[in-house]
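Student: Kindly generate the corresponding structure for this input.
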Amino acid sequence: MAINHSPDNESNENTRLYHPYQNYQVPIKAQYLYKLPTSPEFLFTEESLKQRRSWGENLTFYTGTGYLGGSVAGAAAGIVSGIKSFENGDTTKLKINRILNSSGQAGRTWGNRIGIVGLIYAGIESGVVAVTDKDDVWTSVVAGLGTGAVFRAARGVRSAAVAGAFGGIAAGAVVAGKQVFKRYAHI
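Tutor: Take a look at the predicted model:
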């Protein structure tokens, strides 16, 4: 970190001035301020030029968030299913056991399925970006189309086409929602 000794350098847009002792009653002159950057710092210049995640980071991110989100949603559905399976005369211990078994089974199943969808999506999106060298809305829509089609391909052409259309629409909606959120989140 560099120490700012000149007061005329205070209007730089990429830095902010920081006085570490501003909240304490110590006799330190205010001219000794640190200039901290407001943008991210990178070790290598190549890292600062990169505008998106690598394919490995994409793969890990989409698969992990898909698995986690699917597990949580599946566990919630399993809790509801476990509560619906109560019978007259069940003890509290048996009811808790039904809920735990049902939520664990549904959580694993949903987590694995949605994690696989994330894995396929990340692979197709990274492939499209590598081929076209563009990362825009259409890349996400094409990746969604391909993901739906590949995920349901074993069930037939019609099922793959419907799932592909649904995947493309879902990916487009997510990207549009993200753009709307970015636009209005800074208000």
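
Student: Quick one: classify the residue located most distally from the centre of the chain as helix, strand or coil.
Tutor: Centroid-distance maximum for the chain: residue 27 at 46.6 Å, with Cα atoms, centre = their mean. In three-state terms, and counting by DSSP: H, G, I helix; E, B strand; the rest coil, residue 27 is coil.

Student: now do residue 16
Tutor: Put simply, residue 16 is strand when judged by three-state DSSP.

Student: From residue 18, how far off is the residue farthest from the centre of the chain?
Tutor: Residue 27 is 19 Å from residue 18, where distance means Cβ to Cβ, to the nearest Å. For glycine as for every other residue, the C-beta is placed from the backbone atoms N, C-alpha and C.

Student: again with residue 138
Tutor: Look at residue 138 and residue 18: by Cβ to Cβ, they are 43 Å apart.

Student: who's more crowded, these two?
Tutor: Neighbour totals were compared for residue 138 and residue 18, and residue 138 leads with 15 against 12 (other Cβ atoms under 10 Å).

Student: Can I take it that that one is in a helix?
Tutor: Yes: under three-state DSSP, residue 138 sits within a helix.

Student: if I pick it, what's in contact with it?
Tutor: The contact partners of residue 138, by Cβ atoms under 8 Å, 6 or more residues apart in numbering, come to none.

Student: try 10 Å this time
Tutor: Each residue near residue 138 by Cβ atoms under 10 Å, 6 or more residues apart in numbering is listed here: 128, 132, 168, 171-172, 175.

Student: in what helix or strand does residue 61 lie?
Tutor: Following DSSP states H and E, the helix or strand that holds residue 61 is helix 55-84.
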